[in-house]
Structures are given as structure tokens and as C-alpha cells.
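Engineer: Predicted model and sequence follow; I will ask about them next.
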Amino acid sequence: MLFNSLEFLAFFPVVTALYFLAPHRVRWLLLLAASCVFYAAFIPKYLFILAFLILVDYVAGRAIEHAEGPRRRAFLVLSLAANLGLLGFFKYINFVDANLNGLFSLLGLAWVIPHLDIILPIGLSFHTFQSMSYTIEVYRGRVAAERHLGIYALYVMFYPQLVAGPIERPYNLLHQFREEHTWDWDRVADGLKLMTWGFFKKVVIADRLALYVNQIYNDPTGHTGWPLIVATYFFAFQIYCDFSGYTDIAIGAAQVMGFRLMDNFNRPYFSKSIAEFWRRWHISLSSWFRDYLYIPLGGSRVPLHRWQVNILIVFILSGLWHGANWTFLAWGALHGTYIVIGAATAAWRRRFYAAELMQRVKWSHRWIHAFITFHLVLIAWVFFRANSMTDAQFVITHALSGLTRVGFRAAVMTDYFLVSVVMIAIMEGVHLIERHKQMRRFLDDKPIAVRWAFYYALLLLIANFGMFHSPLEFIYFQF
Amino acid sequence: MPSATNATKALHAIGFMGLLVIIASALDAGIGVAARRDLKSKANWVFEMKGGTYDYVVLGSSRAYRVVQVAAVDSGVRGRGLNLGQDGASIPEIALMFDVFLRRNSTRRVLLEVDEFGLDSVWVSHPLHEYLYIAHLQDTAVAHMLHDYFGARELLWHYVPLIGYAEYNDRVGIQSVMRVLRRQHAEYDSTGSAPPHYGVSAAAFDSARDTTYLVSESWVKDLERLLATARTRRIPVTMFTATEYAPFRDAVRNRTALFDRYRAIGREYGAAFVEVADSDIAADRANFQDPRHLNARGAAIFSHRLGEALRREWGPFTPAGRSP
């Protein structure tokens, strides 16, 4: 079920009302049933895959807790193999097929591996990673294995974050299903405000920008210059608004019912370095890779060359997590390279900014850093969005050619462009306020007329400028 | 019992929602006024018409709207006509437009353009352009028609302020307000005819494939409803079909059966079918904007011949019956 659908507008209040009306002892069952309905609205048969994952990791968790010595590790390895095996089969088998077939034909071998006609279950990468974090944490002894199968199933299937995260940790979420949540006006209102902000980002900005981005990126060779540049900038905001909008709706919906999900975004485009960007973008995934891959590989306490290799491994895998395509691998590798080069040039950059000339404009450093970081991220987005490496290469090599005045006017002097830019400006205005204080907290200090006017304006912007006709799926659903 | 603080919060929530409903209702009403005045929409033009009397009106889709040049037909039949055709209109929408027109206007004859795919609800999948009628939901015929095809959504559009304009805000709503403020001109002329629109690539002309169209019985009923309305008002109906590019026309395997069906339905309701000698027009690609729509040149030739054919079919209009 899409958050931006009429079905969800009916589903959410009904489930929330039933949740608060139901006795505490059956609330887990209600939420689990609601989560099944939510997921089944996409492809019902994939519920069986989820059920399989849940059973495997539930049993593995109990077994790890009870086992000792090498058997603990064996159960963990079995659980990880089941999760990664499932993910590998659904997500990567055809990618591997295609590349092996290509390799064989290059070598003149006629071994053709058939393409499997399978559809990736929605959100599989999210719930396998969430499941793995459970068994890993049980193995590490940080959380106790969950005894209640239903509660564990809910940990994996909790509908607000089931298909696109945030990728939760058991020590943050699991215990919350046992807590009794009461109706709290402030908390409910706060959750609804966050959901409204998420809807604004998704339906007003992301889905609007998608029209232009899709048109250009689905036929990049038909364009040069301004359209490629505008589409790439738009994609940067589209993907941020799409994913952070989803996250806001998810966190808000959970908050209405009394659950606290982890933050996933913290104004990433204001980051002053790529490393900072990754502390502020898709936080639940980057912290997953940090906790369960980067640190086990040695973190920063290894020789420089080993650290550089580790960083590249982490970012390439992070890229592949997003999709089975060379473009995602390139995107991850590019970010890894940025980090490695960033570390290698840190001393030089410190000297540059310490020079007298640069010290005179010290106030601008933060903006220069943010500007450079944003544009490095922007270049990487080209690979993320392009349908193929050939397309990405075309966009990179042709974005600065054919920059005519006519092309500029055609790309920019339209109502569509104006509305899009105004909506992005509204969002960035809110982000500037949020440098100091969350917008909701900022408004709390204001008179009721100002608070209400802001939310009325937001709701009316959603109603009048949101894209509701044939609602688009969230980009991250495909991962 | 809730505490006093909770009671205040509950009142605030109710107050917020109440004021939101008032603001949305006011905005809905304002947008509604603009949406009805937006004459870029042909439907609004029909709704606005009052007291017109015509010798004939043309009904149909873009193949009537953009192909039948009323001025050319007028000179053939020596009468005064009006083109009520609309882009993408299927039978239910054509029937609705005819209903709306007849409420405040009159015509002596109806000229109905029918296509081989016109009764195929798979091919022409949308019963009507619902967003064009959200501003007209107070109209009972509109509300009934939308309810028939869209069920509960019609109730939402009708009773929840702003929701209909929100759902289609890429086409109506604020878009309508902007069109009215900018005084954007309609494509159609004073007779309701419009020039042919965008063309297609040359390759599209070579893509004819064997096709069999279906007949959707629910759309047959809508056609019968239209014909019954005309019969009740004693308005004779004449059906015709606009010229298609010959390879595409020939590729329709059940074309004869489909037009036999139109003729049979027509006979039941006293409607005639007029043939226009158009094989030379159909054979020449230079007459077409796309395989199903004549261009300005083709439309001019076709409209002239249609006028001639109708004069033979109808005879001359008597001055007494002519519109003022």
C-alpha cells in the first residue's frame, strides 16, 4: 500500500483508532494483521517470503542465545546465509546471470544461463537488513532473543517502516511492542505534523520533479546541456524528498501510535564533507554498514592502505545494496573514492583554508564546503539515476555542451520549473530554520495563528500542488 | 474524564479541523467559479450555452471535433450547425454533452460521428474525462453519470471540499484559475470546430496491424440512451464516420460487422447512416495528421463532401426552421 494513496488515507486512521481501542494484550496482533494487509496490497504471495525470513531468524535468535562456543557462530552464519541467500537470489541472480553470459560470450563460450522471471519483493533489502541486525545483536549479547514469535514478526513487519525503513535495531524497537501506549494529544499532533511535512516533500516536490527527471533520464541521448543539468539538480531534490518524505510519514505514523523510530535524514545537503553527508543521509543504512561491516573490518584502527580498501568495500556494497546494476556499484565506488581522496587531501585543504586570504572570508567556508560537497554528491547521483552506464557517461559528457540561451529558456522559463523551484525553496527555508531548531519546535513558540497558518498553508499546498493522479511509488521501494 | 488540558487540546484539534473545512470549502467554491469559466475546456463552453437554436449539432470525439469543419458543412446543407465534439470523448461523455446541450438549447438534427473502436471499452478505456465535470457536480445528470462510473469517488468529489480539484490539480483547480487569469484562448472557433492538433511521426503511418474491436454492451446502452433522448425530442439522428487512413481502416477485421451493429441500433431508434465517398481521401497520406485524424486539407475536403451528402440526405432546411 502506498502512503500517498486513498487506501492509506482510510487505512491509517482505522488502524490507529483500533489500536487505541484494543486492549494492550492484543495490540501486537492487530498491528501484525494491519502490517500483513499493508504488505499484501503490493504482491500478497511475497508474504510467504517474509514469513520464511521471520521464522528463520526467530529460530536462529533463540538458538544463538542457547548455544555456546562455535555453535553460536554457526547459527549466526546460518541465519546470515539464509538472509543473504534470499536477497542474493531475488535481487542479484539475474545481474550475475547477465554478466556471466556476457563474459562467456566474450570468451567465445556458448554457455547461456537462462534469465529468471522473478520480481524483487518490495522492500526486501530493508527487512533482510533489519532481520540480520537482530541475529547479530543477539549474537553479540546486546539484546535477548525474543521469545514471542508474534512480537518478533512485528519487529520485522511493522507497517510504517516495513518497505523502506528506517532499518531499525532490535534494541531500539523490539521492547516498544511490549510498552502500553496511551493517547497523547501532543504526541499524536506532532506525528501528524511530521506526516504532513512528509507528504509535502513526497507529493508536492518529489513526484513533481519526477515528471521532468524521468522524461530526460529515460532518453538522455535526446538532450544536451540545460535539460541534463536541470534534470540532474531536480533528481538530487527528488530523491531526497521522495525518501525523506517517506521516512517522515513512517516516523510520524509510528509516533501517532506511540512508537519512536530512528532518524534517517538530517538535512544532508547542508553537509560540509562527504563523510558528514553519510552521517546525515539514510542514517539507518549507513550506521548499519558502520556497525556490522566497517567496524568488524577494523574501522579506522588499521593501516592507511587497509582503511582505504575497507572504505571502498563498504561503499561498493552499499551501492550494490541499492540495486543490481553497474550504475549503483559506480555510485557507491564514487562515494568511497570521495572519502579516500578527502582523507588524503585533508592536510592540504586545512593549509589552504588557513591561508590569510581565506581567513578574511572565514564566514564563507561553511558554504564553500557545503557547495562543493553538494556538487560531488550531484555528480554521483547521475550514476544512481541513469538507466545504464552508457547513459550516465552521456549525461556527464554532454551536460556542459550545447548550453544555448534558447535551451535555457526552454528548460527554465516554464510554470512547471517556477512551481518546482518555489516548492524546493520553501523546503530549504524550513531546513535553514532547522539548523537551530526543529521546525515543529520552532513553531511551538509562536502564537496559535502563526502555527495554524503554517499548517493550513502546507495542507493547501499539498491539495493544490501535490501530484495525486496515478500516484508514483517511492523510489526506495525498489530496493 | 479527560483532564482540563486534554479537553483544551481536543477543542483545539476540533477548531483546527473546523477552520480547515471552512477554508477548504471557500477555496473549493472559488476554484469552482474559475473552473466553470475556463473555456479552454469545451465542456464548460457547452454548459455555458443558453438559448441557441441550430439546424444541426455534431457529436463525437476528436474525429468530429477536429475533422468536421462546421463552416464547410453549413455551406453544403445551407443551415447553421454547431460542433459539440470533444477530444477523447467516448459514447458516455458524448451522451452527457448532448443532454447538457439540450437543456437550454435546441437543434433540428443531430449528426453523430461513430468509429469502429467507439464501442470498445478496452480500446477507449476511459468513460469520460471526469475532471472536466468536478466543477459541475451540482448538475444532477453529471453527478449521476460520474456516480455510475466512479462510485464512491464521486461522493468524495461532491462532498469533501477541494478533494476533486486536489486529485486532478495537474489539469483543473489552480490550473483552471491560472488559465482564466491569463485569459487563455480556446482552440475551437465560434462553431465549436477546432483545427487538427499535433501530428505523429511518419513511421506511425506504417504501423497498421490487423485489429478486431470489441463491443461493450454498457456503452451500447449509453448510445441507445443518446438515441432515445433524441427520439423523445423528435430530433432525427444521422450517423457518419470520419475518414481514416486506408491501411488502418482495412486492417480492422470486423469493420463491416461493427458498422452493421451501428446501423442496427440506429434503425431501432430511427437513426440514418450517411456514407461519404472518401476512398480517394483515405488513400492519400497527405490528407492526414495521423492515421485516424485528417489534417486541415483532408478535413476541408471531407467536410465539404459531408455537407453535400447531408444535403442529399436531409434536403434543404426551411427558412422558418433556421436559427436566428
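Structural biologist: Done, it's in. Owing to the predicted nature of the structure, the values given are computational and were not obtained by experimental measurement.

Engineer: Quick one: name the residues of chain A near chain B.
Structural biologist: Neighbours of chain B within chain A, by CB under 8 Å from any CB of the partner chain: A:185-186, A:189, A:415, A:448, A:452, A:455-456, A:459-460, A:462-469. In short, each C-beta sits where N, CA and C put it, glycine included.

Engineer: Got a PyMOL select line for the buried ones in those?
Structural biologist: Buried residues within these, by 16 or more other CB atoms under 10 Å in any protein chain shown, are selected in PyMOL with:
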select buried, chain A and resi 185+189+452+455+459+460+462+463+464+465+466+467+468
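
Engineer: now, which of the residues of chain A next to chain B lie within helices?
Structural biologist: A:185-186, A:189, A:415, A:448, A:452, A:455-456, A:459-460, A:462-465 (DSSP state H).

Engineer: With pLDDT as new columns, can these be given to me in CSV?
Structural biologist: Output for these, formatted as CSV (pLDDT from 0 to 100):
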residue, pLDDT
A:W185, 91
A:D186, 90
A:A189, 93
A:D415, 83
A:I448, 91
A:W452, 94
A:Y455, 94
A:Y456, 95
A:L459, 95
A:L460, 94
A:I462, 94
A:A463, 91
A:N464, 90
A:F465, 91
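
Engineer: Could you measure from the residue nearest to B:N295 when sequence neighbours are not counted over to chain A?
Structural biologist: Nearest non-adjacent residue to B:N295, counting by CB to CB, 6 or more residues apart in numbering or on different chains: B:Q289, 4.2 Å away. B:Q289 is 23 Å from chain A, where distance means CB to the nearest CB, to the nearest Å.

Engineer: give me the number of residues near the nearest residue to A:F89 once chain neighbours are set aside?
Structural biologist: Once flanking residues are discounted, A:F89 sits nearest to A:I118: 7.8 Å by CB to CB, 6+ apart. Applying other CB atoms under 10 Å in any protein chain shown, we find 11 residues neighbouring A:I118.

Engineer: Okay, now the unreliable bits of the stretch 301-450 of chain A?
Structural biologist: Applying pLDDT under 70 to the stretch 301-450 of chain A flags no residue at all.

Engineer: I misspoke; the intended subject was the stretch 51-200 of chain A.
Structural biologist: In the stretch 51-200 of chain A, residues with pLDDT under 70: A:111-113.

Engineer: List the contacts of the residue of it found nearest chain B.
Structural biologist: Residue nearest to chain B within the stretch 51-200 of chain A (CB to the nearest CB): A:W185, separated by 3.8 Å. Applying CB atoms under 8 Å, 6 or more residues apart in numbering or on different chains, we find A:W185 in contact with B:N6, B:K9, B:A10, B:A13.

Engineer: Looking at these, state which has the most neighbours.
Structural biologist: B:K9 (17 neighbours).

Engineer: re earlier: can you classify the residue nearest to A:F89 as helix, strand or coil?
Structural biologist: What DSSP: H, G, I helix; E, B strand; the rest coil gives for A:I118 is coil.

Engineer: ok, it - contacts?
Structural biologist: A:F89, A:F90, A:I93, A:N94.

Engineer: which SS state does the residue of the stretch 1-150 of chain B found nearest chain A fall under?
Structural biologist: Closest to chain A within the stretch 1-150 of chain B is B:K9: 3.8 Å, counting by CB to the nearest CB. Three-state assignment for B:K9 (three-state DSSP): helix.

Engineer: cool, and B:E187?
Structural biologist: On the basis of three-state DSSP, B:E187 is classed as coil.

Engineer: got a list of what it touches?
Structural biologist: B:K40, B:A194, B:P195, B:H197.

Engineer: hmm, which two among the residues you listed are most spread apart?
Structural biologist: B:K40 and B:P195 (14.8 Å; CB to CB).

Engineer: re the thing from before, neighbour-wise, which one of the contacts of A:I118 leads?
Structural biologist: Ranking the contacts of A:I118 using other CB under 10 Å puts A:F90 first, with 20 neighbours.
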